[in-house]
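J.: 3D model of this:
(one chain, ligands or ions: 1)
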Amino acid sequence: MTEDKKILFSGIQPTGNIHIGNYLGALKNWVDLQDKYTAIYSIVDWHALSIDQDPKEYKNRILETAIDLLAIGIDPKKSILFAQSQVTGHTELAWIFNTLMPISELERMTQYKDKAKQNKHNINAGLFNYPVLQAADILLYKAEIVPIGEDQVQHIELANTILRKFNNKYGQYFNPIKPMLTKGARIMSLTKPDKKMSKSLGDNNYISLRDNPDTIKSKVAKAVTDTGPAVADKKSLGVHNLFELLHLFTNNEVVKKYEKQHNDGSIKYSEMKEELAGAIIKTLEPIQKRIKELEKKPKKVEAILKKGANRAQVIANANMEDIRDRIGLLK
Ligand code: TYM
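T.: Numbering: from 1, shown residues only. Below you'll find the predicted structure:
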């Protein structure tokens, strides 16, 4: 890692079952960007506490997430990988940012509104302040690039608002943040293709990185093709999403074959689904093999996170010292 590379930061919640939406929208990009940037990746365990977590299971969820990230190719020799709660500074900086943020701007956040609807029994202040902590995650490391899926763009815009407020009040310190999106920035649900793929919509709507071949075949076979209004290319939303996946998991030749069949009306969705399922299985096979190997070594995984946290802490401490000084806090 050299000092002149730009700093890149991203995070994922340890809520279990990383799915192909997460993978295509963000995580694959995390792997690809490791050489070009000083990459810092965090398992955001403070964030995920804003929805119910079983304390007996939580540690396993965090380790499981670390295993999945290592298995897809996050390399601790290249990147800093750590659990958010193992570094001090995230919540401190979030508190500072909370004092700059009007409540009205937080009330407009789409993810907050969605999650508040889904968790009516537990609309806690953490859920509300969630994007402020997200801004702190990024700015604690003065990161400028953030690879994410489309659903997180609004949070990055908010982070830019926060940093402008900070710079105005305490003097120019943070540079603007740029979101980085991929071609798969918005993968839709298999069963409700008008909504993004998400664990909260139920098992059949997403494919997990850990799903076995039979489960993948069955979920793809059940994907809806005939509901929802047709989109610009005359495909229903479900069919459009299947073509997107085909594009991301196979090659141009395969996509062209089915495009042609779709245009002349001879397409059999069962055949297309079988080919798509096969391609997903093939992509996930080496990842699942590495997951199995890493699961045998939980202590090693814990040690990787600890070492990552120590490295992240060094950067966080230096920046927090500057920030405290600017605000006028005692040393
Ligand atoms: P999370 O844990 O929900 O998701 C992790 C990443 O996966 C992307 N993603 C998708 N991309 C395409 N299609 C989908 N259907 C899909 N579903 C999820 C998300 O956009 C995300 O990039 N708030 C963040 C975590 C976070 C964070 C941060 C991210 C906390 N602090 C700082 C960046 C920087 C979240 O809930 O991600």
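J.: which parts of the longest helix seen in the chain are buried?
T.: Of all segments of type helix in the chain, defined using DSSP state H, the longest is helix 298-327. By neighbour count on 16 or more other C-beta atoms under 10 Å, the buried set for helix 298-327 is 301, 304-305, 308-309, 311-313, 315-316, 319-320, 323. (Each C-beta comes from the backbone N, C-alpha and C, glycine too.)
J.: With distance to Lys256 and pLDDT added, can I get those residues in TSV?
T.: Output for these, formatted as TSV (distance: C-beta to C-beta, whole Å; pLDDT from 0 to 100):
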residue	distance to Lys256	pLDDT
Val301	42	98
Ile304	42	98
Leu305	44	98
Gly308	43	98
Ala309	47	98
Arg311	46	98
Ala312	45	98
Gln313	51	98
Ile315	47	98
Ala316	49	98
Asn319	50	98
Met320	53	98
Ile323	53	98
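J.: and the nearest residue to Leu49 once chain neighbours are set aside, helix, strand or coil?
T.: Closest residue to Leu49 apart from its sequence neighbours, by C-beta to C-beta, 6 or more residues apart in numbering: Gly126 at 6.4 Å. Classification of Gly126 by DSSP: H, G, I helix; E, B strand; the rest coil places it in helix.
J.: Tell me the spacing between Lys115 and the ligand.
T.: Counting by C-beta to the nearest ligand atom, to the nearest Å, the gap from Lys115 to the ligand is 10 Å.
J.: Quick one: residues contacting the closest residue in space to Gly89 that isn't next to it in sequence.
T.: Leaving aside its sequence neighbours, Gly89 sits nearest to Ala316 (C-beta to C-beta, 6+ apart; 3.8 Å). Going by C-beta atoms under 8 Å, 6 or more residues apart in numbering, Ala316 touches 87-90, 140-141.
J.: can you tell me which residues contact Lys183?
T.: Taking C-beta under 8 Å, 6+ apart as the test, what Lys183 contacts is 24, 247-248.
J.: top of these by neighbour count?
T.: With neighbours taken as other C-beta atoms under 10 Å, the top of those is Leu24, carrying 23 neighbours.
J.: Could you say which helix or strand holds the closest residue to that residue other than its chain neighbours?
T.: Once flanking residues are discounted, Leu24 sits nearest to Gly184: 3.1 Å by C-beta to C-beta, 6+ apart. Secondary structure assigned from DSSP states H and E places Gly184 in neither a helix nor a strand.
J.: Surely Gly184 and Phe249 touch.
T.: No. Using C-beta atoms under 8 Å as the test, Gly184 is too far from Phe249 to be in contact (9.8 Å).
J.: Thr182 falls within a strand, correct?
T.: No. Looking at Thr182 with three-state DSSP, it is coil, so not inside a strand.
J.: Next, give phi and psi for it.
T.: Backbone torsions for Thr182, taken as degrees, to the nearest 10, come to phi -110, psi 180.
J.: Would you confirm that it contacts Ala26?
T.: Yes. Using C-beta under 8 Å, Thr182 is in contact with Ala26, at 7.3 Å.
J.: Between these two, which is the more surrounded one?
T.: Using other C-beta under 10 Å, the more surrounded residue of Thr182 and Ala26 is Ala26, with 24 against 18.
J.: how near is the residue lying closest to Ile287 once chain neighbours are set aside to the ligand?
T.: With C-beta to C-beta, 6+ apart as the criterion, Ile287 has its nearest non-adjacent residue at 5.0 Å, and that residue is Ala71. For Ala71, the distance to the ligand equals 16 Å [C-beta to the nearest ligand atom].
J.: Buried residues, the strand or helix carrying Ala71. List them.
T.: Using DSSP H and E, Ala71 maps to helix 55-72. Within helix 55-72, the residues that qualify as buried by neighbour count (16+ other C-beta under 10 Å) are 61-72.
J.: In CSV: the residues you listed, plus pLDDT.
T.: Below are these laid out as CSV (pLDDT from 0 to 100):
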residue, pLDDT
Arg61, 97
Ile62, 98
Leu63, 98
Glu64, 98
Thr65, 98
Ala66, 98
Ile67, 98
Asp68, 98
Leu69, 98
Leu70, 98
Ala71, 98
Ile72, 98
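J.: The ligand: which of the residues you listed is nearest?
T.: The closest of these to the ligand turns out to be Thr65 (C-beta to the nearest ligand atom; 8.9 Å).
J.: can you tell me which residues contact the closest residue in space to the closest one that isn't next to it in sequence?
T.: Ranked by C-beta to C-beta, 6+ apart and with sequence neighbours excluded, the top spatial neighbour of Thr65 is Pro14, at 4.2 Å. Going by C-beta under 8 Å, 6+ apart, Pro14 touches 43-45, 48, 58, 61-62, 64-65, 83.
J.: Smallest gap between the stretch 51-200 of the chain and the ligand, at which residue?
T.: Gly149 (2.4 Å).
J.: Tally up the residues packed near that residue, please.
T.: Gly149 has 22 nearby residues by other C-beta under 10 Å.
J.: so it makes contact with Ile20?
T.: No. The criterion here is C-beta under 8 Å, and Gly149 misses it with Ile20 at 11.5 Å.
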